[in-house]
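# Next input, structure requested:
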Amino acid sequence: EGPVMLFLTTTAIDIDEELLNRCVVLSINESREQTAAIQQRQRQARTLSGLLARNESEHIIQQHQNAQRLLRPLAVVNPYAEQLAFADSRTRTRRDHEKYLTLIDSITLLYQYQRDIKTIDRDGQVIEYVEATLDDIALANQLAHDILGHSLDELPPPTRQLLQHLHTLVANRIKAENLRQNEVRFTRRDIREVTGLSNSQVSIHLDRLVELEYVYAHHGKNGQRYVYELVFDGELTNEQPQLIGLIDVEQLKKRPVTETMTDNLTVSNGNLPHSFRAASGNLPGSFRTPETGTQPSTDKALAESDLTEPENALIRQKNNAASHRSSSIPLAASAEVQ
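Now for the predicted structure:
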């Protein structure tokens, strides 16, 4: 029972676009400070305290797994959903926008024990759900800047870090030698000495910067080595790419929340949910009816997918009458624990 989550690791700098827009990309910290911290942790693992910590870590992992098993497959409603914003300048942001909304849903689902479980009676069917808060959106925005911002950035994180080093190198040369930026030249050896990167790493990331016209390569003549010029003149005060288009939560606080679906609405007393999944139970997925505990027919969902997919939103608007198949009103997209 899906959807399935897949983890992949790779040393490749270029990832297939069709795979990239379906994934959340995380990159490791390759700084010297991080390397020193890892080495310190490796040394500590050989000590008595390190031995005890390894035994304790197994207990901590088990606690986290047990906590996840306590989560119920509740629906999530975001009362601020229609007021949110997201970058729309590229086609691939259609999928990234869904990642952002699912991120908010996941945060809300994880806080279900700190929220009121609300219910609504629709055509005799009782639906339980939790509502997203502004704090959930604020946390999702913070994570989206760091995670989805990398996905939408044309420079992979290691390449952007090299660009930061080059920017510093050129700025120091300008100050020390009283030069203009277009007069500063540097070699691959200069880059290796400044960054501590290997020759292969410098080649990969520098070639990417040259290809995307952040750096210009001056060809060597008569066997002379190549020298490079930094042509990028933007600001690099923030090394972390920011996801453009997210609305400030402070603005949402000033706007009234749209009231929807308030008929027959009741709020529980906030006690712990009475039913839990077994230790080997499925992760929360699509909404399951309280009577049968099963998912809606997948055959029907597949049959209707042509007009219910977000990519076909404009088509659905034009053929609203023809595409209307049910009087039920969906509360929200299914929330997954990811």
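
# for the chain, what spans make up the helices?
17-20, 32-44, 48-69, 93-110, 134-152, 157-177, 188-195, 199-211, 249-253, 298-308, 313-318, 320-323 (DSSP state H).

# So what touches the second one?
The reference is to helix 32-44. 28, 50, 53, 196 (C-beta atoms under 8 Å, 6 or more residues apart in numbering). Glycine gets a C-beta too; all of them are placed from N, C-alpha and C.

# list the contacts for the first one?
Applying C-beta under 8 Å, 6+ apart to residue 28 gives the contacts residue 34.

# okay, now the domains of the chain?
17-23+71-153+243-297, 31-69, 157-230 (automatic domain parsing).

# Which of these comes out lowest on mean pLDDT?
Note on the domains of the chain: lowest mean pLDDT is at domain 17-23+71-153+243-297, with a mean of 74.

# what's the lengthiest strand in the chain packed up against?
The longest strand of the chain (DSSP state E) is strand 125-131. Where contact means 3 or more C-beta pairs under 8 Å, 6 or more residues apart in numbering; DSSP states H and E, strand 125-131 is packed against strand 75-77, helix 93-110, strand 118-122.

# Tell me which of the ones you listed lies nearest to residue 190.
Using C-beta to C-beta as the measure, helix 93-110 is the one of the helices and strands packed on strand 125-131 that comes nearest residue 190, at 36.9 Å.

# could you check the angle strand 125-131 makes with the closest one?
Here the directions of helix 93-110 and strand 125-131 differ by 100 degrees (axes from the mean of the first three to the mean of the last three C-alpha atoms, to 10 degrees).

# Which positions within helix 93-110 qualify as buried?
Residues 93, 95-97, 99-109 are the ones in helix 93-110 that count as buried (16 or more other C-beta atoms under 10 Å).

# could you give the angle of it to helix 134-152?
Interaxial angle of helix 93-110 relative to helix 134-152 (the same axes, to 10 degrees): 140 degrees.

# Just the CA trace of helix 93-110, in PDB.
Taking Å, rounded to 0.1, in the frame of the first residue of the first chain, the C-alpha atoms of helix 93-110 are listed here in PDB:
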ATOM      1  CA  THR A  93       7.100  24.200  -9.900                       C
ATOM      2  CA  ARG A  94       3.800  22.400 -10.400                       C
ATOM      3  CA  ARG A  95       5.300  19.400  -8.700                       C
ATOM      4  CA  ASP A  96       7.400  21.500  -6.200                       C
ATOM      5  CA  HIS A  97       4.200  23.300  -5.200                       C
ATOM      6  CA  GLU A  98       2.600  20.000  -4.300                       C
ATOM      7  CA  LYS A  99       5.700  19.100  -2.200                       C
ATOM      8  CA  TYR A 100       5.300  22.400  -0.400                       C
ATOM      9  CA  LEU A 101       1.600  21.800   0.400                       C
ATOM     10  CA  THR A 102       2.400  18.200   1.500                       C
ATOM     11  CA  LEU A 103       5.100  19.500   3.700                       C
ATOM     12  CA  ILE A 104       2.600  21.600   5.600                       C
ATOM     13  CA  ASP A 105       0.200  18.700   5.800                       C
ATOM     14  CA  SER A 106       2.900  16.400   7.200                       C
ATOM     15  CA  ILE A 107       3.800  18.900   9.900                       C
ATOM     16  CA  THR A 108       0.200  19.300  10.900                       C
ATOM     17  CA  LEU A 109      -0.300  15.500  11.000                       C
ATOM     18  CA  LEU A 110       2.700  15.100  13.300                       C
END
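
# residues in contact with the nearest residue to residue 141 once chain neighbours are set aside?
Residue nearest to residue 141 in three dimensions, not counting chain neighbours: residue 246, with 5.1 Å by C-beta to C-beta, 6 or more residues apart in numbering. Residue 246 is in contact with 84, 85, 86, 100, 141, 144, 145, counting by C-beta under 8 Å, 6+ apart.

# let's see 10 Å
84-87, 100, 137, 140-142, 144-145, 148-149 (C-beta atoms under 10 Å, 6 or more residues apart in numbering).

# need those in a markdown table with distance to residue 122, can you?
Formatted as a markdown table, the contacts of residue 246 follow (distance: C-beta to C-beta, whole Å):
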| residue | distance to residue 122 |
| --- | --- |
| 84 | 25 |
| 85 | 29 |
| 86 | 29 |
| 87 | 34 |
| 100 | 27 |
| 137 | 26 |
| 140 | 27 |
| 141 | 31 |
| 142 | 34 |
| 144 | 32 |
| 145 | 37 |
| 148 | 33 |
| 149 | 38 |
